[in-house]
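*Asks:* below: sequence and its predicted model.
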Amino acid sequence: MAGGFGPGVGGRRSRPYLGQPDVGQPARGLQGTSAQGCPLVCPPCGALWSAHTVSLSLSPQYGMVFDAGSTHTALFLYKWQEDKQNSTGLVTQVMVCDVDGPGISSYANNPPAAGQSLKVCLDTAAAAVPRENQREAPVYLGATAGMRLLNITSPSQSDQVLAEVAKFIQLYPFDFRGARIISGDEEGAYGWVTINYLLQSFIKCTFEGKWKLPTSAKTLGAMDLGGASTQLTFTPAVPIKDKNYESNFTLYGNKYNVYTHSYLCYGKEQAMKKVQANLIQQSSSLSNPIDHPCYPTGYQLNTTLGAIFNSPCVSYSGSANLNTLVNFTGTGNASKCQEIIRGIFNFTACGSKTDCTFDGVYQPPISGSFFAFSAFFYTFDILKLTPKASLSVTLDTISKFCQKPWTQLKAEYPTEKEDRLRDYCASGYYITTLLVDGYKFNSTSWDNIQFQKKADDMDIGWTLGYMLNLTNLIPSTSPGLVRGQGPGEWTASIFFTVFSIFLCLLAFSVQCFWKADH
């Protein structure tokens, strides 16, 4: 980890200076007799040596977390020292392995393939973790919104997929701790832990190389946008009225109470489905092309009703067969795109409540600075709005992007996948609508948002926070203690040892010459 977090997290422990068993005891002086019978008399330089107790640096422990998202899966490998700072392990990222193929929820009709899809990354992890550490290395698989949705539509298929990935992971010599669907609130809260850990909000390393708790409990908020859900987590400036939205953590001896909420069905991919569904519902006929204001001019999409309404996040009330073909034609109309995006939110459910976002969800007023990551970052990175830009610049940039024809976009972004490129206009307006109309950011508080992929050269997401929290469950063994010398003491010791040998040799030479003369 760049920047250095001290022992076990990018910074290095000072190498222990090991002394002799009797180090620290006054030396009696080295006395002896040469082969020629010349006595060797050396000064008691050992009396100048002092000793203190130092800790042996223990070998690191390893742990792995699979992030099984709605569109893809990734394996994160971490390590930490057994000697932990205030009972929370200092964790650093070793590697990330992206699993080929879609998310594990896509294997609902072929569960064994979900397990097989993890093979390459598990092989990579087995090569990265030393053999002697593998049996003690815990492995967790956390499935997020994609599996949450599958669990709603088909609990039995969800269970089968999890069973197959669990069975496959257990073929490897790691300490498998389970595969489960994590809640949206867990996903949001652990993302918050990750950001604040990486940015040293919980504990800081001083210039002297010492760890200290920050003088204030100021933390950063976290905003995560996935394919099927989005999460908001922060420490509000006012008490959290509804305890159903509160998460509590104890890290480095400090307690933190944060607001967190996950909006299922409001991830980027599901939001795009909602837009398509609304356009279909507003259309008078499915036999004619349907104008899509968020798609660029010149772009056409041919799909089926079944491909759109295959999620519990959208419903179809019409009578047409789900195999019916639908044609969307891009019009590149920025203002109408904003309008259709706003229509997928239920802002009226809040009534006159000021501490409410949409769909009747409670939220205290936004407070502090925020990191927005995952699809928040990827969308704004394409639009060249990272790490931050004013709200007015952001809206103007999105509007101009939406008005570019499809041929121009393909020429400007030749390596971008077409299904992603066509959606950046809608995604841009979706983000601004969510943050401004939903979370209540304004032109001033917007400036407190940074759109980032990494912090301190580490990936931002829920997995690091998850592993960091789980290390509280791993016993912290006390490191061995030895009697040893500090660097300055070793320097003095070496100097006086060499000087003493020189004096001994000088005395030996003088005595031998004296005997030869007599």
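*Replies:* Nice, thanks for sending it over.
*Asks:* for the rest of this, base every contact and every neighbour count on C-alpha atoms.
*Replies:* Will do.
*Asks:* identify the residues contacting residue 129.
*Replies:* residue 62 (CA atoms under 8 Å, 6 or more residues apart in numbering).
*Asks:* ok, it to residue 156 distance?
*Replies:* 34 Å (CA to CA, to the nearest Å).
*Asks:* check residue 199 too.
*Replies:* 41 Å.
*Asks:* neighbour-wise, which of those two wins?
*Replies:* Counted by other CA atoms under 10 Å, residue 199 and residue 156 do not tie: residue 199 has more neighbours, with 15 against 12.
*Asks:* packing partners for whichever strand or helix holds residue 113?
*Replies:* Using DSSP states H and E, residue 113 sits in helix 111-116. In terms of contacts (3 or more CA pairs under 8 Å, 6 or more residues apart in numbering; DSSP states H and E), helix 111-116 is packed against helix 155-169.
*Asks:* for the helix or strand following the helix it packs on, what is the average pLDDT?
*Replies:* Using DSSP H and E, the helix or strand that follows helix 155-169 towards the C-terminus is strand 175-181. Summarised as a single mean, pLDDT over strand 175-181 is 96.
*Asks:* what about the spatially closest residue to residue 259 that is not a sequence neighbour, how many neighbours?
*Replies:* Leaving aside its sequence neighbours, residue 259 sits nearest to residue 246 (CA to CA, 6 or more residues apart in numbering; 4.8 Å). Residue 246 sits with 19 neighbouring residues when counted by other CA under 10 Å.
*Asks:* check contacts around residue 246.
*Replies:* Contacts of residue 246 (CA under 8 Å, 6+ apart): 240, 257, 258, 259, 260.
*Asks:* contacting residues for the last one?
*Replies:* Think residue 260. Per CA under 8 Å, 6+ apart, neighbours of residue 260: 185, 188, 189, 231, 232, 233, 234, 245, 246, 247.
*Asks:* run the last query once more with 7 Å
*Replies:* 185, 188, 189, 232, 233, 234, 245, 246, 247 (CA atoms under 7 Å, 6 or more residues apart in numbering).
*Asks:* which ones among these map onto helices?
*Replies:* 185, 188, 189 (DSSP state H).
*Asks:* who wins for neighbours among those residues?
*Replies:* Busiest of the ones in helices among the contacts of residue 260 [other CA under 10 Å] is residue 189, holding 30 neighbours.
*Asks:* so for stretch 396-404, what's the average pLDDT?
*Replies:* The model assigns stretch 396-404 a mean pLDDT of 99.
*Asks:* what does that stretch contact?
*Replies:* 294, 296, 332, 333, 334, 425, 428.
*Asks:* if you set the cut-off to 10 Å instead, what comes out?
*Replies:* Applying CA atoms under 10 Å, 6 or more residues apart in numbering, the contact partners of stretch 396-404 are 293-298, 331-335, 337-338, 380, 383-385, 389-391, 393, 395, 409, 422-429, 432.
*Asks:* how about residue 263, secondary structure?
*Replies:* Following DSSP: H, G, I helix; E, B strand; the rest coil, the label given to residue 263 is strand.
*Asks:* touching, it and residue 230? I think so.
*Replies:* Yes: between residue 263 and residue 230 there is a contact under CA atoms under 10 Å: 5.3 Å.
*Asks:* what about the two, which has more around it?
*Replies:* residue 230 (25 against 18).
*Asks:* the more buried one falls within a strand, correct?
*Replies:* Yes: counting by three-state DSSP, residue 230 is part of a strand.
*Asks:* what about it, distance to residue 300?
*Replies:* If you go by CA to CA, the gap between residue 230 and residue 300 works out to 28 Å.
*Asks:* looking at stretch 446-458 now, give me its mean pLDDT.
*Replies:* Per-residue scores along stretch 446-458 average to 93.
*Asks:* in that stretch, what's buried?
*Replies:* 446, 448, 449, 450, 451, 452, 453, 454, 455, 458 (16 or more other CA atoms under 10 Å).
*Asks:* might one say that residue 220 is in contact with residue 367?
*Replies:* Yes: at 9.1 Å, residue 220 counts as touching residue 367 under the criterion of CA under 10 Å.
*Asks:* between the two, point out the one with more neighbours.
*Replies:* Set residue 220 next to residue 367 and count neighbours by other CA under 10 Å: residue 220 wins out with 20 against 16.
*Asks:* contacting residues around the more buried one?
*Replies:* 192-193, 195-196, 199, 201, 233-235, 367-371, 448-449.
*Asks:* out of those, who has the most neighbours?
*Replies:* Result: residue 192 is most packed of the contacts of residue 220 (other CA under 10 Å), 31 neighbours.
*Asks:* list the strands paired with the helix or strand where residue 328 lies, with their directions.
*Replies:* For residue 328, the enclosing helix or strand under DSSP H and E is strand 325-330. Strand 325-330 has the following strand partners under DSSP bridges: strand 290-292 (parallel), strand 300-304 (antiparallel).
*Asks:* quick one: which of the contacts of residue 220 sit in strands?
*Replies:* Among the contacts of residue 220, the ones falling in strands (DSSP state E) are 233, 234, 370, 371, 449.
*Asks:* who does the nearest residue to the last one once chain neighbours are set aside form a beta bridge with?
*Replies:* The one in question is residue 449. Nearest residue to residue 449, sequence neighbours excluded (CA to CA, 6+ apart): residue 370, at 4.7 Å. Here residue 370 sits in beta bridges with residue 221, residue 449, going by DSSP bridges.
*Asks:* residue 264: what's it in contact with?
*Replies:* 144-146, 148-149, 184, 226-231, 270, 313.
*Asks:* so where's this structure uncertain?
*Replies:* 1-58, 82-89, 205-211, 215-217, 471-518 (pLDDT under 70).
*Asks:* and the contacts of residue 246, which are buried?
*Replies:* Of the contacts of residue 246, these count as buried by 16+ other CA under 10 Å: 240, 258, 259, 260.
*Asks:* hang on, the second one in a helix?
*Replies:* No: under three-state DSSP, residue 258 sits outside any helix and is assigned strand.
*Asks:* quick check: the gap between the nearest residue to it once chain neighbours are set aside and residue 366.
*Replies:* Leaving aside its sequence neighbours, residue 258 sits nearest to residue 235 (CA to CA, 6+ apart; 4.7 Å). The spacing between residue 235 and residue 366, counted by CA to CA, is 9 Å.
*Asks:* domain assignment for the protein?
*Replies:* The chain breaks down by automatic domain parsing into domains covering 31-56+480-517, 58-182, 183-459.
*Asks:* tell me which of those domains sits nearest to residue 470.
*Replies:* domain 58-182 (8.7 Å; CA to CA).
*Asks:* chain center to the closest one: distance?
*Replies:* 14 Å (CA atoms, centre = their mean, to the nearest Å).
*Asks:* so who does the residue nearest to residue 449 touch?
*Replies:* 192, 195, 219-223, 232-234, 445-451.
*Asks:* mind listing the strands for the stretch 401-518 of the chain?
*Replies:* With strands called from DSSP state E, counting those that start in this stretch, the stretch 401-518 of the chain shows them at 449-451, 454-455, 458-459, 481-484.
*Asks:* tell me the buried residues in stretch 178-194?
*Replies:* 178-182, 184-194.
*Asks:* mind listing the shared neighbours of residue 235 and residue 366?
*Replies:* residue 221.
*Asks:* what about the closest residue to residue 193 other than its chain neighbours, neighbour count?
*Replies:* Among residues not flanking residue 193 along the chain, residue 465 sits closest, at 4.9 Å (CA to CA, 6+ apart). Neighbour count of residue 465, defined by other CA under 10 Å: 24.
*Asks:* and residue 465, what does it touch?
*Replies:* 91, 186-198.
*Asks:* mind redoing it with 6 Å?
*Replies:* 190, 193, 194 (CA atoms under 6 Å, 6 or more residues apart in numbering).
*Asks:* distance check, it against residue 367.
*Replies:* Counting by CA to CA, the gap from residue 465 to residue 367 is 21 Å.
*Asks:* same question for residue 244.
*Replies:* In terms of CA to CA, residue 244 sits 19 Å off from residue 367.
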